[in-house]
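S.K.: Sequence unavailable; structure follows:
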Ligand SMILES: [Zn+2]
């Protein structure tokens, strides 16, 4: 697979980190299983279903900022790696 960002050759399978920024809120999600990762620029290719699940996870957090007045929290979410689950 060729990276859509830098055209380098991607590595198949890996763990991705994605940062979502919306309305001043930043949510960092690590440990996302990726179909492919570019070793050059870090661009990750996610399964559609995985991307959708991640989106469903962050969506309520962005909704929260619209209806609450506290300062925007810094949110970090980590999925355990598959090896850790097997152990
Ligand atoms: Zn790349």
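M.R.: Received the coordinates, thanks. Bear in mind that the values here come from a model prediction, so they are computed numbers and not experimental data. Residues are numbered from 1 along each chain as shown.

S.K.: switch to C-alpha atoms for all contacts and neighbour counts from now on
M.R.: Will do.

S.K.: what's the closest non-adjacent residue to the residue nearest the centre of the chain?
M.R.: With distances taken as C-alpha atoms, centre = their mean, residue 18 lies nearest the centre of the chain, 2.9 Å away. Leaving aside its sequence neighbours, residue 18 sits nearest to residue 29 (C-alpha to C-alpha, 6 or more residues apart in numbering; 5.3 Å).

S.K.: Tell me how many other residues surround residue 29.
M.R.: Neighbourhood size, residue 29 [other C-alpha atoms under 10 Å]: 19.

S.K.: which ones are touching it?
M.R.: Going by C-alpha atoms under 8 Å, 6 or more residues apart in numbering, residue 29 touches 17, 18, 19, 76, 77, 78, 79.

S.K.: any idea how far the ion is from the residue nearest to the last one when sequence neighbours are not counted?
M.R.: By the measure of C-alpha to C-alpha, 6+ apart, the closest residue to residue 79 outside its immediate chain neighbours is residue 31, 4.7 Å from it. Residue 31 sits 19 Å away from the ion, taking C-alpha to the ion, to the nearest Å as the criterion.
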